[in-house]
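**Q** Sequence plus predicted model, see below.
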Amino acid sequence: MFKTRHIAPLALALAAAPAWAQAPLKTDGKWRGSINAGASLASGNTDSTSFNLGANAGRATDRDRLNFTLTALYGTKKENGSSSETANLLRMGGKYDRDITDRTFGFGSLDIEHDKLQELDMRGVAAAGVGRHIIKTEKTVFDLFTGLAYNHERFTTETRNSTELLLGEESTHMISDTTSLNQRLALYPNISHGGEYRIQFDAGITTSITKKIELKVTLSNRYMSNPQPGVKKSDTLLLTNIGYRFE
């Protein structure tokens, strides 16, 4: 788990400055996004080091949207002369959606994940479906969506291929002139193997420090009903970092 005790005090102090938050993507066709990073170092009875990196980029028009995301986390620990990894994770994905009507849209997405501590060498999920804009304003977007997904999982000891149903919701909110919130919840019932399922939840709150610098806190949870033997079903990350915004 990433430790925030060294970077959080500095980030919270900077957040007191005048700030501008990032609203839902403007529909002008321009690319916007941010790159965020955080680190933690500890020494004493236990020496540990953790690094995390996050990035997102997107563009939107009146009719369509394209988004890319990346999260990487790596950590090590040395105790009593013995070294071990505490984290080795990479997640990246892309999504394209296009409005069919003013309220209805179609989408396609591809997500790739690696998590050594879960014995997951690679998971690739390609999905397509339709969604509905329940709320669509300048400051708030709230969508419901459903579709089908193909899941290829390669673990240390086995490979799985399956078709999944996709059910979910996601939203972006401009809370104030300084803060924005986004969240996504997705359920993947397994069609090929009845009774098995996955759940993904991601949420983030961003406070701008200046027009280009931001403080971001993200919470992420992955639940899998059928993990590898000896691996827990639920895996949660809480990351705090400072980033640079571009447009």
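**A** That came through, no problem. Residues are numbered from 1 along each chain as shown.
**Q** Surely residue 185 and residue 166 touch.
**A** No: contact criterion CB atoms under 8 Å: residue 185 and residue 166 do not qualify, at 11.4 Å. Every C-beta, even on glycine, is put in place using the N, C-alpha and C of the backbone.
**Q** Surely residue 107 is in contact with residue 96?
**A** Yes: under the criterion of CB under 8 Å, residue 107 makes contact with residue 96 at 6.6 Å.
**Q** that older thread, who has more neighbours, residue 185 and residue 166?
**A** Per other CB atoms under 10 Å, whichever of residue 185 and residue 166 has more neighbours is residue 166, with 19 against 15.
**Q** before we move on, the earlier item: neighbour count for residue 107 and residue 96, which is higher?
**A** Per other CB under 10 Å, whichever of residue 107 and residue 96 has more neighbours is residue 107, with 19 against 15.
**Q** So in terms of bridging, what pairs with residue 54?
**A** With beta bridges defined as DSSP bridges, residue 54 has these partners: residue 36, residue 71.
**Q** what's the answer for residue 90, then?
**A** Bridge pairing for residue 90 - DSSP bridges - gives residue 72, residue 114.
**Q** how deep is it tucked in, by neighbour count?
**A** Residue 90 has 16 nearby residues by other CB under 10 Å.
**Q** Use 33 as the first number for this chain going forward.
**A** Shifting the count to begin at 33 puts that one at residue 122.
**Q** In the protein, where is pLDDT below threshold?
**A** Across the chain, the ranges flagged by pLDDT under 70 are 33-56.
**Q** Quickly run through the sheet partners of whichever helix or strand residue 166 is part of, with directions.
**A** Assigning secondary structure by DSSP states H and E places residue 166 in strand 152-168. Using DSSP bridges, the strands paired with strand 152-168 are strand 136-147 (antiparallel), strand 172-187 (antiparallel).
**Q** Let's have these in CSV, adding distance to residue 82.
**A** Listed next are the strands paired with strand 152-168 as CSV, based on distance: least, CB to CB, whole Å:
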stretch, distance to residue 82
strand 136-147, 15
strand 172-187, 24
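**Q** Bridged to the most centrally placed residue in the chain, which residues?
**A** Geometric centre of the chain, nearest residue: residue 234, 5.4 Å, by CA atoms, centre = their mean. Beta-bridge partners recorded for residue 234 (DSSP bridges): residue 216, residue 252.
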